[in-house]
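> when you get a sec, could you give me coordinates for this:
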Amino acid sequence: MKKEAILHIPMSEYAYGLTEEKIVYRLRCGRGDLKRVTLSYGDTACRVTPILFTDVQMEIVASDGLHDYWQVVVDSLYNRVYYYFTLDDGREQCYYYGDIFTDRLVDDRSQYFKLPFNHRADIVREPDWVSDAVVYNIFPDSFASGKGFLTGLPVQKMHKGHITNSKLGGTLQGVAENAEYLKDLGINCIYLNPIFAAGEYHKYDLLDYFHVDPCFGGDEAFLNMVEALHKEGIRVIIDGVFNHCGWYFFAFDDVVKRGEKSRYKNWFYNLTFPVVRPEDPEDYPGYACFAYERMMPKLATDNPEVQEYFCRVGAYWVRQFHIDGWRLDVASEVNDDFWRAFRKAVKAENPQAILIGEVWETANHWLQGDMFDSTMNYDFRKHCDLFFAKGAIDAQEFSDRITNMLMRYRMQTAEAQLNLLDSHDVGRFLSLCEGNRLRYRLAILFQMSFVGMPTVFYGDELGITGEREEEFRKAMPWGGGDTEIRKFFKRAIAMRRELMPLRRGNFRTEQANAGSGLLIYTRTWEGQTVRICINAGNAEEILQDFGTAYWSEGYENGRLNGYGFAVFVENT
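You can find the predicted model right below:
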């Protein structure tokens, strides 16, 4: 028995409440090492000694290159639990509890693993609607000026004495007037990059957190847009930039003018006086900022005054404009207590509002139920790039990576991850595919059938390409673009919305072999199984008889062509 590979962590993604009645238990072991794992659990307040335990069998729910992951979801009679595992590799059997391996049980119950109390307040609860969400990410300046068009012309406006700029003329009225386009595609939620008053076209250098940029139409246009989209059943998430502000945000402007006499001198991180706005972009400023970007000074979010101000911002847009959530910029560089306070402020206005952190790395730290509901899943993009776009890894390696991605989080957390192929910060996925539409389509199919919220960056459905900022933020190609790709997106989204297992079902890999591009996986929910076969290699693959395909391309008589796929639906 490979004891060094065995892992269980109480009070983590290895033992947690799914609901007040259901508790999830997981155990990791070396791949292929254990033949049988039994969970034994009992009431911590059991009135007899030794404690009375109930045995349940665990099952392997996922495997990667090194490990198997055993899991069971228990309909528990108890919310206070002591528990242990019985491990059997076919040659040796032992008990595992209290981080030790032993051949005997003990009367002293305190030595066992413990879930002290499955408290309702500690259960990670995602907004009810996340499993059904298909998100469309709009970069406002680049999307639309009206129904089916974008002027492509720069705009300059004034806001409280400061110039704000637009590059391509997109407006929020343009978003509202294209609600029908979004609905027809199958979208039921949008995420808008920043819309508040700011100097640059991207709006990450904020001037005013309580008003929409006049280049986009101002507050009234935003309220009208939210109402128009809500009428069509489309939720609205907006971008919150609270790690930093712009040069002319009122508080930073005051410290530039008043120096150490400014009442806002403690609102910013590591100021040195006098505070000077460097004219040369190569100069390092005398204050902390975002990524050495001199025009984006870093806010001291550990300052109670700063926290109170931005908590008011968070609550205001939910209360007054009825937004459905926030995507939070540079979230991993802001202190935890700020996010805990921000969450309380927003959830007090609407418990169903979602909070999505921009975290590019493993995000478990922020997903314990006290900060974010979700994060931008850049690992999803990274793995899809290597498998679908570049063909740099085989099906086995891809399966190993997505297994790791699922097992690092609680089940309900994985369902809320924002799965993206590209965004305003990275090159278009079709460019990563070097324009290969077949590879691109396979990535889209996987995205629309995987666990989490699929997210389409504006124009992806029309084949926008680009690897540099001015390219991947280019104008929406209204009246043009690749309409065949749009049809594929629409069909894949419709499939996700039609088949409940693709939104709520468990995920299991059935086949993913070394040296092969063939990936077969299932999603199962309440007696219905959707089986998806994707051939990301160029060699033909032979499939076993799964019946009549629900949807396929490059599949006939059990033969799956290179870069083909087949979807099967089985009802039991």
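> going by C-alpha atoms from here, please, whenever you check contacts or count neighbours.
Noted.
> identify the residues contacting residue 473.
With contacts defined as CA atoms under 8 Å, 6 or more residues apart in numbering, the neighbours of residue 473 are 139, 142, 424.
> one more: residue 572?
The contact partners of residue 572, taken as CA under 8 Å, 6+ apart, are 527, 528.
> how near is it to residue 385?
35 Å (CA to CA, to the nearest Å).
> ok, residue 70 next?
Taking CA to CA, one finds residue 70 at 29 Å from residue 385.
> what do you get for residue 377?
13 Å.
> so which of those two has more stuff around it?
Each of residue 377 and residue 385 has its neighbours counted (other CA atoms under 10 Å); residue 377 has more, 27 against 22.
> pretty sure the more buried one is touching residue 417, no?
Yes - applying CA atoms under 8 Å, one finds residue 377 in contact with residue 417, separated by 6.1 Å.
> burial measure for the closest residue to residue 346 other than its chain neighbours, as a count.
Distances taken as CA to CA, 6 or more residues apart in numbering put residue 315 closest to residue 346, at 4.9 Å, once the chain neighbours are dropped. By other CA under 10 Å, 22 other residues sit near residue 315.
> confirm residue 315 sits in a helix?
Yes - assessed with DSSP: H, G, I helix; E, B strand; the rest coil, residue 315 lies in a helix.
> ok, now which ones touch it?
Residue 315 touches 345, 346, 348, 349, counting by CA under 8 Å, 6+ apart.
> select only the buried ones of the residues you listed in ChimeraX?
Listed next is the ChimeraX selection for buried residues among the contacts of residue 315, using 16 or more other CA atoms under 10 Å:
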select :345,346,349
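> restricted to strands, list the contacts of residue 315.
Among these, the subset assigned to strands under DSSP state E is empty.
> of the contacts of residue 315, closest to residue 514?
Nearest to residue 514 among the contacts of residue 315 is residue 346, at 46.7 Å by CA to CA.
> quick check: the residue lying closest to residue 241 once chain neighbours are set aside vs residue 473, distance?
The spatial neighbour of residue 241 that comes closest, neighbours along the chain excluded (CA to CA, 6+ apart), is residue 329 at 5.1 Å. Relative to residue 473, residue 329 is positioned 18 Å away (CA to CA).
> residue 173 now?
19 Å.
> over to residue 390?
22 Å.
> just residue 184 next, same as before
Counting by CA to CA - residue 184 and residue 473 are separated by 23 Å.
> what of residue 52?
62 Å.
> and what of residue 462?
14 Å.
> tell me which residues of the helix or strand bottoming out on mean pLDDT in the chain are tucked away?
Here the helix or strand of the chain ranked lowest by mean pLDDT, DSSP states H and E is helix 469-472, holding a mean of 94. Within helix 469-472, the residues that qualify as buried are residue 472, counting by 16+ other CA under 10 Å.
> immediately after that helix, which helix or strand?
The helix or strand immediately downstream of helix 469-472 is helix 483-498, counting by DSSP states H and E.
> contacts for that following helix, please.
132, 134, 184-186, 437, 441, 444-445, 448-449, 461-463, 502-503.
> report the two of these separated the most.
The farthest-apart pair in those, when distances are taken by CA to CA, is 132 and 437, at 26.7 Å.
> so between these two, which is more surrounded?
residue 132 (20 against 16).
> residues contacting the more buried one?
Residue 132 sits in contact with 453, 497, 503, where contact means CA under 8 Å, 6+ apart.
> what do you get for residue 152?
142, 167, 168, 169, 170, 475.
> swap in 7 Å and give it another go.
Going by CA atoms under 7 Å, 6 or more residues apart in numbering, residue 152 touches 168, 169, 475.
> could you tell me how many residues sit around the first one?
By the criterion of other CA under 10 Å, residue 168 has 23 neighbours.
> contacting residues around it?
Contacts of residue 168 (CA under 7 Å, 6+ apart): 141, 142, 151, 152, 153, 154, 475.
> buried ones among these?
Buried among these (16+ other CA under 10 Å): 141, 142, 151, 152, 475.
> A helix includes the third one, no?
If I follow you right, that is residue 151. No - with three-state DSSP as the criterion, residue 151 is located in coil rather than a helix.
> quick one: pLDDT of it?
Note on residue 151: pLDDT of 97.
> now do it against residue 50, distance only.
76 Å.
> repeat that for residue 466.
66 Å.
> between these two, point out the one with more neighbours.
Each of residue 466 and residue 50 has its neighbours counted (other CA under 10 Å); residue 466 has more, 17 against 12.
> which residues touch that one?
427, 428, 431, 472.
> of those, buried ones?
Of the contacts of residue 466, these count as buried by 16+ other CA under 10 Å: 427, 428, 431, 472.
> can you name the two of those that are farthest apart?
Among these, 431 and 472 lie farthest apart (CA to CA), at 9.4 Å.
> overlap in contacts of these two?
Joint contacts of residue 431 and residue 472 (CA under 7 Å, 6+ apart) are 465, 466.
> how many neighbouring residues does residue 222 have?
Considering only other CA under 10 Å, residue 222 is surrounded by 22 other residues.
> quickly find the element holding it.
Residue 222 belongs to helix 218-231, assigned by DSSP H and E.
> next structured bit after that helix?
Next element after helix 218-231 (DSSP H and E): strand 235-240.
> show me the shaky parts of the stretch 401-550 of the chain.
Scanning the stretch 401-550 of the chain for pLDDT under 70 picks out no residues.
> where along it do the helices fall?
Remark: helices assigned in the stretch 401-550 of the chain by DSSP state H, counting those that start in this stretch are 411-414, 429-432, 437-449, 469-472, 483-498, 501-504.
> next, the angle from the fifth one to helix 437-449.
Calculated by axes from the mean of the first three to the mean of the last three CA atoms, to 10 degrees, helix 483-498 forms an angle of 20 degrees with helix 437-449.
> can you start the count at 48 instead of 1 from here on
In the new numbering, first residue 48, that becomes helix 530-545.
> helix 530-545: how far from the chain's middle?
21 Å (CA atoms, centre = their mean, to the nearest Å).
> could you report the neighbour count for the residue nearest to residue 384 when sequence neighbours are not counted?
Leaving aside its chain neighbours, residue 384 sits nearest to residue 349 (7.4 Å; criterion: CA to CA, 6+ apart). Number of residues near residue 349 (other CA under 10 Å) recorded here: 17.
> now do the SS call for residue 349.
Going by three-state DSSP: residue 349 is coil.
> where's it relative to residue 381, distance?
8 Å.
> list the contacts of residue 247.
211, 212.
> sorry, slip of the keys, the one I care about is residue 178.
With CA under 7 Å, 6+ apart, residue 178 has these contacts: 462, 463, 499, 500, 550, 551.
> would you map the helices across the stretch 198-347 of the chain?
Under DSSP H, counting those that start in this stretch, the stretch 198-347 of the chain gives helices at 219-224, 226-232, 265-278, 297-305.
> check which helices and strands the longest one sits against.
For helix 265-278, the helices and strands in contact under the criterion 3 or more CA pairs under 7 Å, 6 or more residues apart in numbering; DSSP states H and E are helix 219-224, strand 253-259.
> top strand in the chain by residue count?
strand 606-618.
> centre of the chain to that one, how far?
That offset, for strand 606-618, works out to 27 Å (CA atoms, centre = their mean).
> give the rounded mean pLDDT of that strand.
Rounded mean pLDDT across strand 606-618 is 97.
> rewinding a little: for residue 307, state which of the contacts of residue 178 is nearest.
Distance to residue 307, by CA to CA, is smallest for residue 463 among these, at 44.5 Å.
> so what's that closest one up against?
177, 178, 420, 421, 499, 500.
> just the pLDDT at the first one, thanks.
The per-residue pLDDT reported for residue 177 equals 97.
> and the gap between it and residue 221?
26 Å.
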